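> What would the 3D arrangement of this be:
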Amino acid sequence: RRPPFLQVQGSTGALLRERGQIQSSTNAVDEVLAQAASVSSNLIQQRHLFTNITDKVLAVGARFPVVNGLLNAIRRKKSKDTIVLSAVIGICTLFTLIYLLAK
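So this is what the prediction gives:
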């Protein structure tokens with residue numbers, strides 16, 4: 001059997017280790033949150049940049065009919081790609097559900 005003063009030191013040591021682990025976890029969470037804030041800021045900057053670029057391209061398209069026709073063709077292609085991608089995702093989801101229900 002341990003003497004009482006060793007039990008106190010052992011529990012104090014365990015509490016100190018636990019506190020250190022909690023502090024380490026808190027520091028790791030703080031770092032992840034700082035990275036997330038940085039990424040969010042960068043994405044906001046990119047959105048503003050792309051908005052400005054889109055506005056400039058549309059302004060050029062309004063001035064030159066050939067460029068405007070090209071922009072419309074790109075827009076139609078993007079729309080078709082979106083429809084195809086949505087259909088593929090829908091079909092994959094449907095097959096996954098059928099597979100899971102057939103089990």
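
> After the lowest-mean-pLDDT helix or strand in the chain, heading C-terminal, what element do we hit next?
In the chain, no helix or strand scores lower on mean pLDDT, DSSP states H and E than helix 4-63, which sits at a mean of 86. Sequence order places helix 65-102 as the next helix or strand after helix 4-63, per DSSP states H and E.

> Which strands or helices does the least confident helix or strand of the chain pack on?
Counting contacts by 3 or more Cβ pairs under 8 Å, 6 or more residues apart in numbering; DSSP states H and E, helix 4-63 packs against helix 65-102. Every residue, glycine included, has its C-beta placed from N, CA and C.

> Give the buried residues for the helix it packs on.
For helix 65-102, the neighbour count (16 or more other Cβ atoms under 10 Å) marks residue 71 as buried.

> Tell me how far it lies from the chain's centre.
22 Å (Cα atoms, centre = their mean, to the nearest Å).

> pLDDT of it, averaged?
Taken as a whole, helix 65-102 carries a mean pLDDT of 91.

> Tell me what angle that helix forms with helix 4-63.
Computed by axes from the mean of the first three to the mean of the last three Cα atoms, to 10 degrees, the angle separating helix 65-102 from helix 4-63 equals 140 degrees.

> Who are the packing partners of helix 65-102?
Secondary-structure packing of helix 65-102 (3+ Cβ pairs under 8 Å, 6+ apart): helix 4-63.

> how far is the helix it packs on from where the chain is centred?
Chain-centre distance of helix 4-63: 12 Å, with Cα atoms, centre = their mean.
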